[in-house]
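Asker: here is my input; please provide its structure:
(one chain, ligands or ions: 1)
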Amino acid sequence: MNFLELKDISEHFIELINPFSTKKAFEIGDVLGLKPSDCVIDFGCGYGEWLRLWGERYGISGVGIDLRQHACERAQKKMGDHGLGGQMQIICADASRYAFPEGKFDVACCVGASFILGGFQPSIRAMKKSIHPSGKLVMGEVYWRKSQVPSEIAEKENFHREVDILKISREEGFEIEYVVRAS
Ligand SMILES: C[S@@+](CC[C@H](N)C(=O)[O-])C[C@H]1O[C@@H](n2cnc3c(N)ncnc32)[C@H](O)[C@@H]1O
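Answerer: A predicted model of the protein is given here:
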């Protein structure tokens with residue numbers, strides 16, 4: 001059994017695969033000002049819960065990409081069960097290789113999954129290509145909770161401090177509009 005198979009089993013009763021709540025997902029949707037004409041792409045969409053929540057509340061359409069067949073089948077079924085099958089497309093693929101349409105999306109989302117696109121900064125660069133010039137990104141990123149991290153620990157993980165997340169976002173031409181912390 002590999003790690004991804006173990007996830008399929010252990011996440012049986014989990015919809016959002018992050019320490020996050022539905023309430024916070026809606027908080028972000030409100031800040032984004034999502035509306036029915038918006039189209040969202042979700043990299044590493046898991047069980048499609050972000051798209052489902054936003055589809056039901058705001059009427060958006062979307063594309064979710066995940067590597068795991070089990071996750072994609074579950075997400076696709078969920079969309080159908082919730083009457084969203086016609087507006088959500090779930091693609092089973094390695095997001096780092098998937099040729100998504102460029103400049104098309106209003107929002108690109110990657111929550112707890114930036115590792116699939118090579119880390120935080122490479123993810124911003126890849127996701128930037130998917131949105132139109134006034135599009136927005138939603139990034140769920142781990143960070144060091146202390147400003148001083150011992151180097152022997154820091155060098156083992158490709159995590160950033162919060163201040164670096166802000167700096168990198170600006171370097172890539174984005175301003176941070178809102179922050180919600182995981183719980
Ligand atoms: C921590 S989960 C986050 C899921 C979702 N964003 C959420 O918040 O519920 C990370 C997801 O990335 C997927 N994943 C891992 N490697 C991937 C890859 N190369 N391409 C696409 N998805 C990948 C996993 O299958 C898993 O569903």
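
Asker: secondary structure class for the residue nearest in space to the middle of the chain?
Answerer: Nearest residue to the geometric centre of the chain (C-alpha atoms, centre = their mean): residue 110, 2.0 Å. The three-state label given to residue 110 by DSSP: H, G, I helix; E, B strand; the rest coil is strand.

Asker: bridged to the nearest residue in space to it that is not next to it in sequence, which residues?
Answerer: Excluding its sequence neighbours, the residue lying closest to residue 110 (C-beta to C-beta, 6 or more residues apart in numbering) is residue 43, at 4.2 Å. No exception for glycine: its C-beta is placed from N, CA and C like everyone else's. Residue 43 has these beta-bridge partners by DSSP bridges: residue 65.

Asker: need the contact list for residue 43.
Answerer: 65, 95, 108-110, 113, 116-117, 123, 126-127 (C-beta atoms under 8 Å, 6 or more residues apart in numbering).

Asker: residue numbers of the protein in contact with the ligand?
Answerer: Taking C-beta under 6 Å from any ligand atom as the measure of proximity, the chain contacts the ligand at 16-18, 44-46, 49, 65-68, 71, 94-96, 111-113, 116.

Asker: 8 Å instead, please
Answerer: With the criterion set to C-beta under 8 Å from any ligand atom, the chain comes near the ligand through 4, 7, 15-18, 20, 42-47, 49-50, 65-68, 71, 93-98, 109-113, 115-116, 140.

Asker: ok, now which ones touch residue 171?
Answerer: Neighbour list for residue 171: residue 121 [criterion: C-beta under 8 Å, 6+ apart].

Asker: that one and the ligand, how far apart?
Answerer: Separation of residue 171 from the ligand (C-beta to the nearest ligand atom, to the nearest Å): 24 Å.

Asker: torsion angles phi and psi at that residue?
Answerer: Backbone geometry at residue 171, expressed as degrees, to the nearest 10, gives phi -60, psi -30.

Asker: residues making contact with the worst-scoring helix or strand of the chain on mean pLDDT?
Answerer: In the chain, no helix or strand scores lower on mean pLDDT, DSSP states H and E than helix 151-154, which sits at a mean of 85. With contact meaning C-beta under 8 Å, 6+ apart, helix 151-154 is reached by residue 144.
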